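Colleague: Sequence unavailable; structure follows:
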């Protein structure tokens, strides 16, 4: 069973968002445990540069496994303020620790109310269950 | 049409496989993960269920000549008990399928073909068979388990005895297992030592479990179609439907070594000879891509600013970490060392023609 964290927000496309406790308006973005299981072994993560803009619902990067390339979709709109450089040499962190060391980017949101449109853990669990049956 | 299941389907489910539809079969694409399974085959030993593959038997006084007229390689160059890799071509010289042909005896040949082409192949064989021999599609009767890896001989010795385990590559012997006659063939699709065992469906689970049990201390484990693909690509082996198909000839695909223009007529020979005389316009080459660009099927290959070809297979090599591809390029740009560019989703990545196999074995 894929792990789902209670305190995160989720997208339909299986990204998670965590509000940074210290830096107001900044969120951490990654892919869920369910997503990393579906992707298989991650061998490369391609992300934008710090300073680039991302738009909610738009592709902002890619995750690659031996067999496939998958788009990453931004949960929120804003400016990229950090990227996880550890993924350059250790993309497997996305598989091993999707909610912690495998985070992908941090975004300074331009519209914090976008968070309200994302799923909570309960809604996301139902979404995953549906996907697994589909 | 609902997909077929191999006799090992329940075993795959027990082992936690992710199942996909492949060539009309519900097949395991991965168990623990492609990278771990790949490494298992390069360092220990892996088990593959390849029961979806097709089998054809040709029998009769003229069986060898009938098959020889269907294939590009030459069955008369090998003796009984040997295997041959070959293409089977259409009259226009393009590839209908690639396959392993086993010479069982002076009047009997056993052929293993790709699952996705099995029906097409058999129809093509019947249409072009000319001589005193009967062809039988035995695909439904056979399961096939591939045992591959540096520890494969040790594992195979424990189940089949030292004589078979010591067999040199590209041989086939009849053997007994579980009270049934099986074919023990020292062929494979990984570049590693090992065997492919053809056996009746009713014995497939028994052999799989015997191999699992006998090889626990050797690190044996199941390997899915995902790692099968990365393993073959590191060796530069063609995959039908990706690297070769009805638009490519053996000469273009680097398969001249299995194309014997010096033997009597075979289907496609005239067209292939004409292409050889006129000059082969393009070649399948190995590419190594730099700047962290993983090449994928269909990506354009450029020389300066012109699109000159396309990637047919690509991945990040699990063994070396390098980004590798097979691609068709104009013959004039096919020399090892030629600098090219691969368009990786809009970004030009530097690429260089390199020798295949990508792994030095």
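Modeller: Nice, I can see it. Because the structure is predicted, anything quoted here is derived from the model rather than measured.

Colleague: following the regular element (helix or strand) spanning residue A:17, which helix or strand comes up?
Modeller: Assigned by DSSP states H and E, residue A:17 belongs to strand A:15-19. Scanning forward in sequence from strand A:15-19 by DSSP H and E, the next helix or strand is strand A:26-31.

Colleague: any idea how far that following strand is from the chain center?
Modeller: With CA atoms, centre = their mean, to the nearest Å as the basis, strand A:26-31 stands 6 Å off its chain's centre.

Colleague: Can you give me the buried ones in the helix or strand that comes right after it?
Modeller: If you walk from strand A:26-31 toward the C-terminus, the next helix or strand you reach (DSSP H and E) is helix A:33-39. With burial defined by 16 or more other CB atoms under 10 Å in any protein chain shown, the residues of helix A:33-39 counted as buried are A:33-36, A:38-39. To be clear about C-beta, it is placed using only N, CA and C from the backbone, and glycine gets the same treatment.

Colleague: Could you list the residues in contact with helix A:33-39?
Modeller: By CB atoms under 8 Å, 6 or more residues apart in numbering or on different chains, the surrounding residues in contact with helix A:33-39 are A:2-4, A:13-15, A:31, A:42, A:63, A:65, A:68, A:70, A:94-95, A:98-99, A:102, A:128, A:131.

Colleague: Give me the buried subset of those residues.
Modeller: A:2, A:4, A:13-15, A:31, A:42, A:63, A:65, A:70, A:94-95, A:98-99, A:102, A:128.

Colleague: which one of the residues you listed is nearest chain B?
Modeller: Lowest distance from chain B to those (CB to the nearest CB) belongs to residue A:65, with 7.0 Å.

Colleague: Quick check: that closest one touching residue B:34?
Modeller: Yes: the pair formed by residue A:65 and residue B:34 meets the contact definition of CB atoms under 8 Å, at 7.0 Å.

Colleague: which neighbours do the two share?
Modeller: With contacts defined as CB under 8 Å, 6+ apart, the residues adjacent to both residue A:65 and residue B:34 are A:40-41.

Colleague: Please name the residues that touch residue B:85.
Modeller: B:73, B:98-100, B:170, B:258.

Colleague: Where does pLDDT dip in the stretch 1-150 of chain B?
Modeller: With pLDDT under 70 as the threshold, the stretch 1-150 of chain B has low-confidence stretches at B:1-2.

Colleague: how about the residues of it near chain A?
Modeller: Remark: the part of the stretch 1-150 of chain B in contact with chain A comprises B:29-30, B:33-36, B:38, using CB under 8 Å from any CB of the partner chain.

Colleague: From residue B:360, how far out is residue B:290?
Modeller: Between residue B:290 and residue B:360 the distance, using CB to CB, to the nearest Å, works out to 19 Å.

Colleague: out of the two, which sits in the more crowded spot?
Modeller: Neighbours per residue, other CB atoms under 10 Å in any protein chain shown: of residue B:290 and residue B:360, the larger number sits with residue B:290, 12 against 6.

Colleague: in stretch A:19-36, what counts as buried?
Modeller: Of all the residues in stretch A:19-36, those buried under the rule 16+ other CB under 10 Å are A:19, A:26-36.

Colleague: And the furthest pair within the residues you listed?
Modeller: Greatest spatial distance in those: A:26 and A:34, 24.6 Å, computed using CB to CB.

Colleague: what's around the closest residue to chain A within the stretch 101-250 of chain B, how many residues?
Modeller: As assessed by CB to the nearest CB, chain A sits closest to residue B:230 within the stretch 101-250 of chain B, at 5.1 Å. The local packing count at residue B:230 equals 23, with neighbours defined by other CB under 10 Å.

Colleague: Am I right that it is in a helix?
Modeller: Yes: assessed by DSSP: H, G, I helix; E, B strand; the rest coil, residue B:230 belongs to a helix.
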